[in-house]
Structures are given as structure tokens and as C-alpha cells.
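J.: please find the sequence and the predicted model below.
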Amino acid sequence: MQFKHPEILYFLFLLVIPILVHLFQLRRFKKEYFTNVRFLQELSIQTRKSSKLKKWLLLATRLLILACIIIAFAQPFFKAKDSNNVTNEMYVILDNSFSMQAKGKKGELMKRAVQELLESAPENMSFSLLTNSETFWNTDMKSVRKDLQNLKYSASAFEPENLLAKINGRKTVFNKDIVVITDAVGLQKKQLKSIDANSNTYFIIPKAEQKNNISVDSVFISQQLDNFYEIGVKLSAYGNDFKSIPIALYNKNKLIAKTLVQFDTKKKNVVFTIPKEDFHGYVSIADNGLEYDNKLFFSISKPEKVNVISIGDADKSGFLSRIYTNDEFSFNNFPLANLDYNLLEKQDAIVLNELKDIPQALQTTLKSFVEKGGNLVVIPSTESSVSNINSLLANFGAMQFKSLQTTQKMVTKINFSHPLFGSVFEKKTENFQYPNTKTSFVINSNAPAALSYEDQSAFLSSLQNAVSSVYVFSAAIDKMNSNFQNSPLIVPTFYNMAQSGMKSGVNAITIGESKPFVVDALLSKDEIVSVKNGDEKFIPVQQILNNKVKLTFGDYPETAGNFGIFKQDELVKNISFNYARTESDLSQTNEDAAADFKQAETIDSVFTTLQTNRTDNQIWKWFVILTLLFLATELFIQKLVK
């Protein structure tokens, strides 16, 4: 037992006062003479004995009363079990990623966690709250209550290492209590390595009862007909025993198609046919799992002719004119000697068709062209200079030509996962009409090959950047050196190499990706474009590239949906944004990652445990009660003991 005011115990010397009073009473008995007093002798002896007993009892009770009062004022207490951490600072990390939309016993996991926090945290307790999207330093429940009640789900994945880095970055002389509330979906042990060993860390892992979930992953154009698009919708099912679910297609909030999907496999493609015109809408499903991945917003612009220039001899470019037809492309071929450099910046794709030498001026122009979003196709000549080609390729990435080999090779492998062939094949094909080349260059590059020879060396490689691609053949494909022009592969290969993802195809950007987006817009020096819809507006980071603008969106917009890119009030292009589908698989819960830390079932139990273990057991009240009891005892003795 310890005392808050031990100096008051010096007043215990006052206990001598009632003792002295008892021992040195000045009152004396006075003799009175009565007749026949011998009859009262026995009664007198008994009275004196009872009087002494009463005095001793009164002395004892008065000593106890005085002692209890003095001890009560000294405020005795028993020290708390965890008294060393009484001054700890409190930090609460709350996961508000989309996986916390899952439903537990009492509703959505995040909303239930917020409610428990509001109910359990002491009103005036100072703490810091960190979520995936917001941070509140040194606040209290009164101040943060409204923000908690309005807390929204975040498109950012739960990254505890970043949040812990923020906490560790706050210098303090006190230890820290850290309460982490997360469903542990995708949680890894390595993400928790930065937790300070001196920190008192609790993990609260709410559990979802419903782990089945279906997500809309992507939309792509599977086929282009004369007047229609066939678009494919990729769906993923996580869990087991799925029933048929409805899927609907909306254009500008107007329902245009609807069907039922039966999941006999974990992955499913659903095909819709839509008119070949502007589309600005979304595809939607209805399931009992997470809500955030039930919609995918996308835009398709009305087809515009793709501008393509081939630089090379006309007799070697005939196959390109048959691929780049007038209905979809504006194609021109120029010999190098007649090339107008001013035309290059207006193109979507440029083909260097077996040039023996590439002038330095052209190399510089092509570098700028690729940086502004144009695709470049490089077909070497058997007479090309290795140093000249390498000088060009050095502008785009780590790819180098080596010696020319005169060995005949066959192209036998298609990289079906390469972006060039992502929507070309319905199924993987191993046996096809293998094209061959008589001579080819050895290419040294880490870039993925789209087409490969039988010896695994690259026939067609690509150097990708954020807004465009550079495609490089390792051999000449004229009829003297190869039969590739007769292969069915040539049409989808050159068709897709010329296509600009910004100008054609499906537009569906993932929020948080740093991939730039290029639009055709002629801006003056002080003009900017903005992105907006009916609910949200923001100005992206932008760079003017002649008659184009490169946009970078960062973590904007905050909410997925269909937007427009505007130059003042003029609509430049429709654009759509979606949340990343990183939280869709609820089976990725990894509670073992937090096995080295304290676990708690509820938030209330954490606060109760901390308060109990760190609160001194004050016992001065018991001494006040004892004082009252002894006072009552004294009164009892005074009245009843004779």
C-alpha cells in the first residue's frame, strides 16, 4: 500500500491525546455514606468493572476513528499493475479500405468498428486516429465524432507500414499504445516490422460472415463490326456456390442491355453488342458481397481515323496499305527523301519500314513523337547499320541490336498475355502457320517479346512507356527475307500496333495509377483543362505537347464514375474512373500476420483492459467508511454499555 500524501501520517502522533486523557483523568470518586451499605457491596464491584470495560472500549474506538481519519486524508492506494505505461500516447489505426464493406454479425465491418469506437472511447481521452485516407493528430472523441460518423471507404489499399511510419515519425518521450483495427485482407508480416518493440500494440480483427463476392474486373472490345462493337465484360467470382446474378449495361444512365450470368467457372466473360458510336456509361451487377466492385465505368469514343505514316520504299509498303484501309485509317507512305517532318507530329503511328540509315534529325523527331503519345514501329533492313539502329533505340529504353545472323528461323511462340494480343485470341493456339525469316538480328533486351522464334529469341519486342509503345522487329519482313506477310498474324499485329489507346478502344482508368493520359487539345500558354462531373471537379497535373495535353490524375477523383475533360465549358473528351479491384477477394484474410501481437475481440475490451491495468486502486474511501462505522460503534457503546 502506498500513500498519495504520506506527510499527513505524521498526525498519527495525535493518537496519544485520547490515551493521555484516558490515563490521567482528573475526575475522582466521592465517598457517600449510606446505611446498610454492605448490601450494595456486590453491586458496586460489578459497576466499577463494567465502567472500566466501557472506558477501554471507548478508547479503542476513538483511537481507530482518529487513525482512520488521518489515513483517509493521506489517500492510500495500491499501485496499478501497468503503472509504467500510464503516460503512454494512444494511436488508433482504422482500416477503411473497401474490403471492410464486408458484413459481419452486426453489419458492415468498418461501420461497426466506428460505432464501437464512438461508444467505447472515453470522451476526453486524447488520441490520434489514422485511416487509409485521413489523419487526426492529438484529438479527442468530442472533436472527431462527426468525422468518424461521416468516414467513407477509401480507394487506397490498407498499407500499415505507411501508417506506422507516420506514427514513428512523431518524436515523443512517451511510449505508445497502438490499436490496429483491420480485417487483415492481404496483410503481410513484413508490413508490421516497423512496429516499435516498446509500443503496446493490440490488433482487433473483425470477421466477415459472407466471403462470397463477385467483381466486375474490366471491359474490352472483343470485336469490331461494321456498325457495332462487341464488348466483353470480365467477371471474377471469389468463394463458392454462386447463384445466377443479373448484369446490366447502361449508357448515360439509360439501360440498354441486361442478362443473367451463371458461374460455372471462377472467371466469366459476358459479351454485349452496342452501336459503334460514343458510349459513356457503366456495367453493373447485383450480388450479396462487396458493393464497390459491382460497377465498372467506361467510355468509348466514336471511332476516328487513325493517322499512320510509313517511311520507306513504296514497293515494300504495299502490305501496309492493305491493312491500314481508308475506312479506319488515314495511311500514307513516304520515301525518306520526300518526307515532310512537319507531318510526323500529327500522326498516331509511324512505321520505319526497312530504312538502311536513319538520320539524326529523324531520330530526334521520333523521340519527341513517342514522348507525346505516338506509337513507333521499327522494321530493320538486312543492310541496316547496327550502330545506327542502336542510336535510335537508345532514346526509348534498354534494347540493343547485335550481329546479323544468316540462319533461317521459325516464329513459333505467341505471348498471349502481351498487351498487343490481349483481345485478339479467344483461346491459346499452339499450332498455327509458322512464319519464318532467313536472316535476323540478335536483340539484347529485357523487354517482353510479343512473338518469339523457336530458340526463344525475340522476333517482335516492345518498349512500353506510360503513353505509347515502340515495337521492334528483329528481322526484315519483306518477301525476300520472310513469309510473315502471308501469315494470318500480320493483320492483328500491325492493326494493334497502330492503334492509340487514347484515341480508340475502351477508356477506363484505375484511380491511383500514375499512368498519364493524352488528349487532343490545342491550348494557349495560360489555358488549362479540368475534369468534372455533376458531383466532383478537379484540375489534373498537365503538360502541353503541341496540339496535345498529357494529363496525370494521381489519387483523383475521390469517387469512381463517368467524367468529362473540359477546356473551359467545351467538352474535349469523355473519361471514366474506377476503383482498383485489389480488395475483392475476401479469402485473403491473413490473421497469422498479427500473431506476434496482442489480440482483442472488441474495442471496448482494449480500453477496459488499459484502464483497469493502469488505474491505481484507491482505498481511502474504505477508511472513511471505517470511520463512520467506528463512530456508530462509539454511540452504540455509549448508550448500551453501562
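T.: Noted; the coordinates are in hand.
J.: next, give phi and psi for Ala102.
T.: phi -60, psi 150 (degrees, to the nearest 10).
J.: what residues of stretch 273-286 count as buried?
T.: The neighbour-count criterion (16 or more other CB atoms under 10 Å) identifies 274, 279-285 as the buried residues of stretch 273-286. (Each C-beta comes from the backbone N, C-alpha and C, glycine too.)
J.: how about the secondary structure of the residue nearest in space to the middle of the chain?
T.: Nearest to the geometric centre of the chain sits Ala157, at 1.1 Å (CA atoms, centre = their mean). Assigned with DSSP: H, G, I helix; E, B strand; the rest coil, Ala157 falls in the coil class.
J.: give me the nearest residue to it, chain neighbours excluded.
T.: Spatial nearest neighbour of Ala157, excluding adjacent residues (CB to CB, 6 or more residues apart in numbering): Thr582 at 5.2 Å.
J.: pLDDT on stretch 328-346, on average?
T.: Stretch 328-346 shows a mean pLDDT of 90.
J.: quick one: end-to-end length of it, please.
T.: Separation of the first and last residues of stretch 328-346 by CA to CA, to the nearest Å is 16 Å.
J.: please list the residues outside it that contact it.
T.: The contact list for stretch 328-346, computed with CB atoms under 8 Å, 6 or more residues apart in numbering, reads 303, 305-314, 317, 320-321, 324-325, 350, 353, 355, 359, 361-362, 365-366, 368-369, 372, 498, 546-547.
J.: ok, back up a step: looking at the buried residues of stretch 273-286, which one is closest to Ala595?
T.: Ranked by distance to Ala595 (CB to CB), the buried residues of stretch 273-286 are led by Ile285 at 36.0 Å.
J.: ok, the closest one to Phe416 distance?
T.: 27 Å (CB to CB, to the nearest Å).
J.: one more: Lys372?
T.: The spacing between Lys372 and Phe416, counted by CB to CB, is 30 Å.
J.: which residue ranges form the helices in the stretch 201-350 of the chain?
T.: Secondary structure of the stretch 201-350 of the chain (DSSP state H, counting those that start in this stretch): helices at 318-323.
J.: more neighbours: Lys372 and Phe416, which one.
T.: Neighbour count, other CB atoms under 10 Å: between Lys372 and Phe416, Lys372 has more, with 18 against 13.
J.: pretty sure that one is touching Lys550, no?
T.: Yes. Assessed by CB atoms under 8 Å, Lys372 is found in contact with Lys550 at 7.4 Å.
J.: quick check: neighbours shared by the two?
T.: 467, 518.
J.: excluding chain neighbours, what is closest to Glu354?
T.: Ser381 (4.0 Å).
J.: which strand residues bridge Ile231?
T.: For Ile231, the beta-bridge partners are Ile221, Phe272 (DSSP bridges).
J.: so who does it touch?
T.: By CB under 8 Å, 6+ apart, the residues touching Ile231 are 219-222, 271-274, 300, 506.
J.: can you give me the pLDDT of it?
T.: pLDDT recorded at Ile231 is 91.
J.: distance of it from Ser576?
T.: Distance, Ile231 to Ser576, using CB to CB: 13 Å.
J.: about what we covered before: give the helix, strand or coil label for the residue nearest to Glu354.
T.: Assigned with three-state DSSP, Ser381 falls in the coil class.
J.: could you measure it against Leu460, distance?
T.: From Ser381 across to Leu460, the span is 16 Å (CB to CB).
J.: what is the neighbour count of Pro122?
T.: The number of residues packed near Pro122 is 11, by other CB under 10 Å.
J.: hmm, Asp604 and it touching each other?
T.: No. Assessed by CB under 8 Å, Pro122 is found out of contact with Asp604, at 11.2 Å.
J.: that older thread, what's near enough to touch the residue nearest to Glu354?
T.: Listed by CB under 8 Å, 6+ apart, the contact set of Ser381 reads 354-356, 476.
J.: one more: Phe73?
T.: Neighbour list for Phe73: 5, 8, 11, 620 [criterion: CB under 8 Å, 6+ apart].
J.: coming back round to it: show the buried residues in the contacts of Ser381.
T.: Using 16+ other CB under 10 Å, the buried ones in the contacts of Ser381 are 354-355, 476.
J.: Met1 reaches Trp622, doesn't it?
T.: No. Here Met1 lies out of contact with Trp622, judged by CB under 8 Å, at a distance of 11.1 Å.
J.: residue boundaries of the helices in the protein?
T.: Along the chain, counting by DSSP state H, helices occupy 16-23, 41-73, 109-120, 141-149, 160-168, 318-323, 360-371, 386-393, 490-498, 603-614, 620-640.
J.: mind putting those into TSV with mean pLDDT?
T.: Shown next, in TSV, are these (pLDDT from 0 to 100):
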stretch	mean pLDDT
helix 16-23	77
helix 41-73	73
helix 109-120	91
helix 141-149	91
helix 160-168	90
helix 318-323	92
helix 360-371	92
helix 386-393	92
helix 490-498	89
helix 603-614	76
helix 620-640	82
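J.: right, I'll leave it there.
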